[in-house]
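Engineer: Could you work out the structure for the sequence below:
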Amino acid sequence: TMPKEPAVLRQNILDTTAAILACGIDPKKCFLFRQSLVPEHAELAWILGCLTNVPRLLRLPQWKMKRASQNSEGTVGLLTYPVLQAADILLYKSTHVPVGEDQVLHLELAQDIAQHFNKKYGEFFPVPKAILSKL
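Structural biologist: You can find the predicted model right below:
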């Protein structure tokens, strides 16, 4: 949600990809792709954002903490990032999502959005369940 220099962003993408592969992720057994090249993520985020109310987003603790740490009122990108996360989950009709404790409320938002969408338009998205990581 913070502006990046294009050259730095491109290098970070390559570095992150190399790190993922170095961790042992086998591209023959899983899909590895650059999310920003899949327009459906942003398109679904827009649709889901039109179903999500602002007060709900303002209550999320991550919004409050990051806004305070940025010493500003916050950006629209920061506010709506949880809706993009929901789109990332729902686009692939995920049924289970590994999350840490700090992301449980964001997954609950994705669950609520899925239920709201399904109620309004018919059963389409599974309601994803959290798989809590144990550190």
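Engineer: Report pLDDT for the residue nearest the centre of the chain.
Structural biologist: Nearest to the mean C-alpha position of the chain, counting by CA atoms, centre = their mean, stands residue 85 at 1.6 Å. pLDDT for residue 85: 95.
Engineer: For the lowest-mean-pLDDT helix or strand in the chain, name the packing helices and strands.
Structural biologist: Least confident helix or strand, the chain: helix 61-69 with a mean of 78, by mean pLDDT, DSSP states H and E. When contacts are defined as 3 or more CB pairs under 8 Å, 6 or more residues apart in numbering; DSSP states H and E, helix 61-69 packs onto helix 76-91, helix 104-121. Using the backbone N, CA and C atoms, a C-beta is placed for each residue, glycine as well.
Engineer: what secondary structure does the residue of the chain most remote from its centre sit in?
Structural biologist: The centre of the chain is farthest from one residue, residue 28, which by CA atoms, centre = their mean lies 24.8 Å away. Under the three-state scheme (DSSP: H, G, I helix; E, B strand; the rest coil), residue 28 adopts coil.
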